[in-house]
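**Student:** structure for the following, please:
(chains A and B)
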Amino acid sequence: MALINITLPDGTVNEYAAGITCSEVITDVLGRKNGCLAALVDGHERDMSYEIHDSCQIEGIKAESDAGMHILRHSAAHLLAQAVMAIYPDAKPTIGPAIDRGFYYDFAMETITESDLKPIQKKMQEIARKNLTVERVELDDGELREHFAANPYKIEIIDDKIGEGTGSTIYKQGEWYDLCLGPHVQNTAKLMFCKLTSVSSAYWRGDQDREQLVRIYGIVEPTKEALKQTLHRMEEAKKRDHRKLGKDLQLFHIDEEVGQGLILWTPRGAIVRQELQNFIGEHLTRQGYSQVFTPHIGKLDLYRTSGHFPYYQDSQYPPLVEKDLMKKLSDEGCSCSELSNLMKSGEIDGYMLKPMNCPHHVKIYASQARSYRDLPLRLAEFGTVYRWEQSGEISGMTRVRGFTQDDAHLFVTEDQIAEEVLGCIELVQIIFDKLGMTDYRVRVGLRDPDSTKYVGDPKRWDKAEKACRDAAASLGVDWSEEEGEAAFYGPKIDFVVKDVIGREWQLGTVQVDYNLPERFDLTYKGSDGELHRPVMIHRAPFGSMERFCGVLIEHFAGRFPTWLSPTQCHILTISEKHTEYASKVANKLKENGIRVEIDDGDGTIGKKIRTHRKLHPAYMVILGDGEAEGNTVSLRARSGEQVSDIPLDDFITNIVSEINNKSSQPNLV
RNA sequence: GCCAACGUAGCACAGCUGGUAGUGCGUCGGAUUUGUAAUCCGACGGUCGGGGGUUCGAGUCCCUCCGUUGGCUCCA
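**Tutor:** Residues are numbered from 1 along each chain as shown, chains lettered A, B, ... in the order given. The predicted model follows:
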């Protein structure tokens, strides 16, 4: 029998008989309870049952590793499909991949509801317990098509992804099998700890015009304990949801009667927003920005020039038409669609709620003759824009119809792009750092080389893309290039963060734009005396105040650092005897610019603490006899820790410096 | 926009197979004047998201619109 050499991760080389399986090697090296689900053979993921015939390197894939979890989840998706088929024989499985937090499987079947998940899950456990062997079977083309003859979706996949005559593999567990490349766990017993989490719908191949499928989501973990922990984490995450906290902490309100996706900033939330705006404001001055203000509407002509109307009509609020004109048209029996056509053709005019601030800023640039000495010209505005987002997409503060961008447009020469892009993303980084937001990714959006939708000279694109890439690289954080993610008018750099339920949101963005300067025929006079075209950079470090605050609420779980806390000190009195001292303390704090709330009503101190805790103030200031006599305060932190009898003046000095330094969390206790 | 589930007092929730709405917190009033996660008593407060229908009778069944949630699609 032939012998082969197998190299282990630590460099050891073992000799085995050819034909040995991965499982046997790993068991030999790591023992029976090795916790591995599959193996990495010369860099390729293989099933445990994979037979090795040549010398190679091998490494076990542990269940806890990313690769291991992926296999576990993918296998669980198969198990789900098997269970669904057992209960709904007419269901047609389509695809069922592993995803970040678990897995899903899409079925063509009658719609089911959440309550139907229980029996399915039960069936899954039943099958898992049977400990069926998961077997890889290679089939030729004919066999493959025969196996899936009853399932047009699988046939479509075979048609598209697998060339004629090459055949492919299926994975079989018991009588059930699925088209799949694998690898998978060895047996269904590895999939005991699953939980189906939700049911929803999806379009076949993500195409709105094709069949709507039933999608079932689930999670799976290698152990019971891990599953319990994951479920617990999910529960905890829900408590941090900004929509819940926004209500509990009275930060914002969304009112049906005002409209979907239109945020009402209540006093406490408005403070957070204002503090953030002030924070950016300081940096704007430092970086040489000029503040501007522009109105919320503009003539349709403006957007015809910019190209936003009528091209983006579907994602805009309908235009506003002048009263007299509207009456005249209505008297003439003009229908809505005729009106719309007249607007599109430019025969009649109207106004539009601005869907972005750029055109207004462009007009400020164009209001004067510019020379190269004026550049870069940096115009900044907290500009509120309105977009008609699809009703199903609107969510809390993160996806809304009216929002305020911390916007700015930089008009620069070609040569200034790199430096200015860098300045922009540095600002984003300063902000993220200050707020302790470290869990973000940077995405450099480049053009799709195969597409023709991009405007502008490819050479200029190359240069701008390089500037973005270089800027991203200089950040010292992970970043990725993504082709096809550029806007049609230029490359961009996005800062993307996840919310508590794992959804990604684009916050800060920096975009290079060759298009608008062209469309508005912007120029500047160069040192050569000739007119040149400036380049625009769009930039919003927060993205929008709404989305950013939404994400920030979750980031801090409602426990804002002192400088951002809507109320920084909640003064609680022990009894009504202390009302006078409390108001003295409150006034002193207010004189120092500290935001104070006073509770000098009746009720026990325990009750007051309980009540005020829910608002997560930076500090609770407890005042009783001792404090009144000694002119001191006692503090209680969010953690429950407390310190007594701090001289009032010391407290003020400390908290003021804490606020001025924008310390990350209260630290005086 | 599409699919599904859901929508009961300010908030969190209960109301089984249809018979004219309950609990807790909050609020208000009274008593209490209290040292660090809920002092006691009482009162007010919903017509059950809007509209329509079935029925002798609907929060409870049906239709429709609005909204919310989870996804899908979309995001200049």
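**Student:** low-confidence ranges in the stretch 101-250 of chain A?
**Tutor:** Low-confidence segments of the stretch 101-250 of chain A, defined by pLDDT under 70: A:163-165.
**Student:** please list the residues of it that sit near RNA strand B.
**Tutor:** A:111, A:113-114, A:198-203, A:206-208, A:212, A:214-215, A:217, A:243, A:247 (CB under 7 Å from any atom of the strand). For glycine as for every other residue, the C-beta is placed from the backbone atoms N, C-alpha and C.
**Student:** write the ChimeraX selection for whichever of these are buried.
**Tutor:** In ChimeraX, this line selects whichever of those come out buried by 16 or more other CB atoms under 10 Å:
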select /A:199,214,215,217,243
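**Student:** measure the nearest residue to residue A:166 once chain neighbours are set aside to residue A:456 for me?
**Tutor:** Nearest non-adjacent residue to residue A:166, counting by CB to CB, 6 or more residues apart in numbering: residue A:141, 7.0 Å away. According to CB to CB, to the nearest Å, residue A:141 stands 47 Å off from residue A:456.
**Student:** so between these two, which is more surrounded?
**Tutor:** Between residue A:141 and residue A:456, residue A:456 has the larger neighbour count (other CB atoms under 10 Å), namely 19 against 15.
**Student:** wait, that one sits on residue A:516?
**Tutor:** No: with contact defined as CB atoms under 8 Å, residue A:456 does not count as touching residue A:516 (11.0 Å).
**Student:** closest point of chain A to RNA strand B, which residue?
**Tutor:** Here chain A gets closest to RNA strand B at one residue, residue A:392, 2.1 Å apart by CB to the nearest atom of the strand.
**Student:** and that residue, which of the three is it?
**Tutor:** Secondary structure, DSSP: H, G, I helix; E, B strand; the rest coil: residue A:392 is helix.
**Student:** what's in contact with stretch A:60-77?
**Tutor:** Residues from elsewhere that reach stretch A:60-77 (CB atoms under 8 Å, 6 or more residues apart in numbering): A:26, A:29-30, A:34-40, A:45, A:96-99, A:102-105, A:124, A:134, A:180, A:183-185, A:190-191, A:194, A:218, A:220-222.
**Student:** same question for stretch A:296-308.
**Tutor:** With contacts defined as CB under 8 Å, 6+ apart, stretch A:296-308 is touched by A:309-310, A:316, A:319-320, A:343, A:346, A:349-356, A:358-360, A:362-363, A:384, A:386, A:515-516, A:519-520.
**Student:** which of these are buried? Put it as a PyMOL command.
**Tutor:** Buried subset of the contacts of stretch A:296-308, written as a PyMOL selection, criterion 16+ other CB under 10 Å:
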select buried, chain A and resi 309+310+316+319+343+350+351+352+353+354+355+356+358+359+360+362+384+386+515+516+519+520
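**Student:** returning to that earlier point: find me the pLDDT at the residue of chain A closest to RNA strand B, would you?
**Tutor:** Looking at residue A:392, its pLDDT is 91.
**Student:** could you do the one 5 residues further on as well?
**Tutor:** Looking at residue A:397, its pLDDT stands at 95.
**Student:** nearest spatial neighbour of it, skipping sequence neighbours?
**Tutor:** In space, and not counting its chain neighbours, residue A:397 is closest to residue A:550: 3.3 Å by CB to CB, 6+ apart.
**Student:** how near is that neighbour to residue A:558?
**Tutor:** Applying CB to CB to residue A:550 and residue A:558 gives a distance of 12 Å.
**Student:** and the helices in the stretch 551-669 of chain A?
**Tutor:** All helices of the stretch 551-669 of chain A, identified by DSSP state H, counting those that start in this stretch, fall at A:579-591, A:605-613, A:625-630, A:648-660.
**Student:** now the shortest one - C-alpha only, CSV.
**Tutor:** Extracted as CSV, the C-alpha positions of helix A:625-630 are listed here (Å, rounded to 0.1, in the frame of the first residue of the first chain):
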residue,chain,number,x,y,z
ASP,A,625,-28.9,66.9,55.4
GLY,A,626,-25.2,66.0,55.3
GLU,A,627,-24.8,67.6,51.9
ALA,A,628,-26.7,70.7,52.7
GLU,A,629,-24.7,71.3,55.9
GLY,A,630,-21.3,70.7,54.3
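**Student:** buried ones in it?
**Tutor:** So, applying 16+ other CB under 10 Å, buried residues of helix A:625-630: A:627-628.
**Student:** what sits up against it?
**Tutor:** Residues external to helix A:625-630 that are found in contact with it (CB under 8 Å, 6+ apart): A:574, A:577-578, A:581, A:632-634, A:644-645, A:647.
**Student:** try 7 Å
**Tutor:** The contact list for helix A:625-630 (CB atoms under 7 Å, 6 or more residues apart in numbering) reads A:578, A:581, A:633-634, A:645.
**Student:** do the same with the first one
**Tutor:** Among residues not part of helix A:579-591, those counted as contacts by CB under 7 Å, 6+ apart are A:569, A:571, A:573, A:596, A:598, A:600, A:621, A:623, A:627-628, A:633, A:648, A:652.
**Student:** check those residues and tell me the two furthest apart.
**Tutor:** Greatest spacing in the contacts of helix A:579-591, by CB to CB: A:600 and A:652 (19.6 Å).
**Student:** can you pull up the bridge partners for the residue lying closest to residue A:111 once chain neighbours are set aside?
**Tutor:** Residue nearest to residue A:111 in three dimensions, not counting chain neighbours: residue A:214, with 5.9 Å by CB to CB, 6+ apart. Note on residue A:214: beta-bridge partners by DSSP bridges are residue A:107, residue A:201.
**Student:** looks like residue A:214 contacts residue A:113 (just checking).
**Tutor:** No: in this structure, residue A:214 is not within contact of residue A:113 by CB atoms under 7 Å, at 10.2 Å.
**Student:** what is in contact with those two at once?
**Tutor:** Listed contacts common to residue A:214 and residue A:113 are residue A:199; contacts here mean CB under 7 Å, 6+ apart.
**Student:** chain center to the lengthiest helix in chain A: distance?
**Tutor:** For chain A, the helix that runs over the most residues, judged by DSSP state H, is helix A:66-87. Mean C-alpha position of helix A:66-87 versus that of the full chain (CA atoms, centre = their mean, to the nearest Å) differs by 26 Å.
**Student:** so what's residue A:460 up against?
**Tutor:** So residue A:460 contacts residue A:514 (CB under 7 Å, 6+ apart).
**Student:** show me how far the one helix or strand in chain A whose mean pLDDT sits lowest is from its chain's centre.
**Tutor:** Least confident helix or strand of chain A, by mean pLDDT, DSSP states H and E, is helix A:336-345 with a mean of 81. Helix A:336-345 has its C-alpha centroid displaced from the chain centroid by 37 Å (CA atoms, centre = their mean).
**Student:** the helix or strand just after that helix vs RNA strand B: in contact?
**Tutor:** Using DSSP states H and E, the helix or strand that follows helix A:336-345 in sequence is strand A:351-353. No: Strand A:351-353 lies out of reach of RNA strand B by CB under 7 Å from any atom of the strand, never closer than 9.2 Å.
**Student:** show me the contact partners of strand A:351-353.
**Tutor:** A:296-300, A:303, A:309, A:316-317, A:319-320, A:386.
**Student:** residues near residue A:251, how many?
**Tutor:** Neighbours around residue A:251, by other CB under 10 Å: 26.
**Student:** that should have said residue A:137, apologies.
**Tutor:** Residue A:137 is flanked by 11 other residues according to other CB under 10 Å.
**Student:** cool, and the one 3 residues further on?
**Tutor:** Neighbours of residue A:140 under the rule other CB under 10 Å: 12.
**Student:** just checking, it touches residue A:167?
**Tutor:** Yes: Residue A:140 lies in contact with residue A:167 (CB under 7 Å); the separation is 4.2 Å.
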